[in-house]
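Chemist: model the following, please.
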Amino acid sequence: MNILSFLLPFVSIIPAVLGAVPKSDTFEKYQALSRSGPIDLDDSSYDELTSKPRDYHVAVILTAVDPRFGCVLCREFQPEWELIAKSWNKGPKSDDPKLLFGTLDFTDGRNTFQKLMLQTAPVLLLFPPTVGPSARVDDGPLRYDFSGPISADQLYTWINRHLPEGPKPPLVRPLNYMRIVSFVTILMAVVTLFTVLSPYVLPIIQNRNIWAAVSLIAILLFTSGHMFNHIRKVPYVVGDGKGGISYFAGGFQNQFGMETQVVAAIYAVLSFATIALAMKVPRTADKKAQQVAVVIWGTVLLGVYSFLLSVFKAKNAGYPFFLPPF
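Modeler: Below you'll find the model as predicted:
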């Protein structure tokens, strides 16, 4: 009787000691099920996998991929979650940290969703070990709420940040053969099209007059203030306060949309007149026609340039230059 009384305290603590020992077969059991990706869980397996004590990490995503629940984000992220699990399971890694990936769908885990009082999905729970060298004082799960679309790279970085230091498998995306085939097909089509059309397209591309026209149009757009209008969001025209319309803004730091078009048209006429005098008129065989062309284009240059100076004068009364007739 005395011996039993002596042994009774030690016998009473045996269950507690055994309960603190992690069940290594639990990790091995579920690790065997997770070779090809995350483990499909239900209420029972979720409780078993996350029960204490445990000497491993568990990352469980609670989702609702069934179309009945209308969770578009759940369905979009499911392939990314499978990619994370496959990269970890198939990649080179050390024995520590031990990590398992699981998926608990609302269809199979209604009780767990109710117990956790989840109103939205998907939600990721990362359970740290409760025993062992990687155990944490606060052994509650870390939670990641999805506020919008997220890539596997972002979530994988978040998970690794909460794991112990050490080598971890990289995230490896499989080759997208359809994208490669599509790219090669499009490239071959472009090369074929260029080969067939090159006799017709190359003369156009190499035409100096076309490039001169394109360059001239670009120069007119930028020198007339086209980019200024887009940046400052200037009005097209404004009222002059007397029932009329002001086409030109006062000051050299201001302008209207209509003013830009007028100035661009002035520059275009001046450019065309200069080009005509420099290139077209000298090629005229008839001397009289050549003289008339010189007078006409010279008059156009004088009148339009005089008008341009008057515009500058209207914008700023202190502008010192002018030219008759304006």
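
Chemist: surely residue 122 is in contact with residue 76?
Modeler: No. The criterion here is CB atoms under 8 Å, and residue 122 misses it with residue 76 at 9.8 Å. In this view, the C-beta of every residue, glycine as well, is placed from N, C-alpha and C.

Chemist: tell me which of the two has more neighbours.
Modeler: residue 122 (26 against 13; other CB atoms under 10 Å).

Chemist: please name the nearest non-neighbouring residue to residue 227.
Modeler: residue 221 (7.9 Å; CB to CB, 6 or more residues apart in numbering).

Chemist: what's in contact with the helix or strand where the one you found lies?
Modeler: Assessed by DSSP states H and E, residue 221 sits inside helix 208-223. Helix 208-223 has contacts (CB atoms under 8 Å, 6 or more residues apart in numbering) with 204, 227, 264, 267-268, 271.

Chemist: just the buried members of those residues?
Modeler: Burial by neighbour count, 16 or more other CB atoms under 10 Å: within those this picks out 264, 267.

Chemist: re earlier: next, count neighbours for the residue nearest to residue 227.
Modeler: If we define neighbours as other CB under 10 Å, then residue 221 has 14 of them.

Chemist: any regions of the stretch 201-326 of the chain where pLDDT drops low?
Modeler: The stretch 201-326 of the chain contains no residues with pLDDT under 70.

Chemist: before we move on, back to that, restricted to helices, list the contacts of helix 208-223.
Modeler: Among those, the ones falling in helices (DSSP state H) are 204, 227, 264, 267-268, 271.

Chemist: closest one of those to residue 57?
Modeler: Distance to residue 57 across the ones in helices among the contacts of helix 208-223 (CB to CB) is lowest for residue 227, with 55.5 Å.

Chemist: and the gap between the residue nearest to residue 227 and residue 40?
Modeler: 61 Å (CB to CB, to the nearest Å).

Chemist: repeat that for residue 183.
Modeler: 35 Å.

Chemist: what do you get for residue 313?
Modeler: From residue 313 to residue 40 the distance is 81 Å (CB to CB).

Chemist: same deal with residue 233?
Modeler: 55 Å.

Chemist: neighbour count: the two, which is higher?
Modeler: Using other CB under 10 Å, the more surrounded residue of residue 233 and residue 40 is residue 40, with 13 against 7.

Chemist: any idea which element the closest residue to that one other than its chain neighbours lies in?
Modeler: Nearest residue to residue 40 in three dimensions, chain neighbours excluded: residue 103, at 5.8 Å (CB to CB, 6+ apart). Assigned by DSSP H and E, residue 103 belongs to strand 99-105.

Chemist: what's in contact with stretch 82-98?
Modeler: By CB under 8 Å, 6+ apart, stretch 82-98 touches 27, 34-38, 55-57, 99, 101, 129, 133-134, 152, 155-156, 159, 163-164, 166-174.

Chemist: can you report phi and psi for residue 166?
Modeler: phi 150, psi 170 (degrees, to the nearest 10).

Chemist: and residue 124, by the same measure?
Modeler: Given degrees, to the nearest 10, the pair of backbone angles that residue 124 has is phi -110, psi 130.

Chemist: that one and residue 156, how far apart?
Modeler: For residue 124 relative to residue 156 (CB to CB), the value is 11 Å.

Chemist: also residue 62?
Modeler: 18 Å.

Chemist: tell me which of the two has more neighbours.
Modeler: residue 62 (24 against 20).

Chemist: how about the secondary structure of the more buried one?
Modeler: strand (DSSP: H, G, I helix; E, B strand; the rest coil).

Chemist: distance of the spatially closest residue to residue 228 that is not a sequence neighbour relative to residue 113?
Modeler: Nearest residue to residue 228 in three dimensions, chain neighbours excluded: residue 255, at 6.5 Å (CB to CB, 6+ apart). Residue 255 is 62 Å from residue 113, where distance means CB to CB.

Chemist: between the two, point out the one with more neighbours.
Modeler: Neighbours were counted for residue 255 and for residue 113 using other CB under 10 Å; residue 255 has more, 21 against 18.

Chemist: ok, the more buried one - contacts?
Modeler: 225, 228-229, 234, 248-249.

Chemist: one more time with 10 Å
Modeler: For residue 255, the contact set (CB atoms under 10 Å, 6 or more residues apart in numbering) comprises 224-225, 228-229, 232, 234-235, 248-249, 263, 315.
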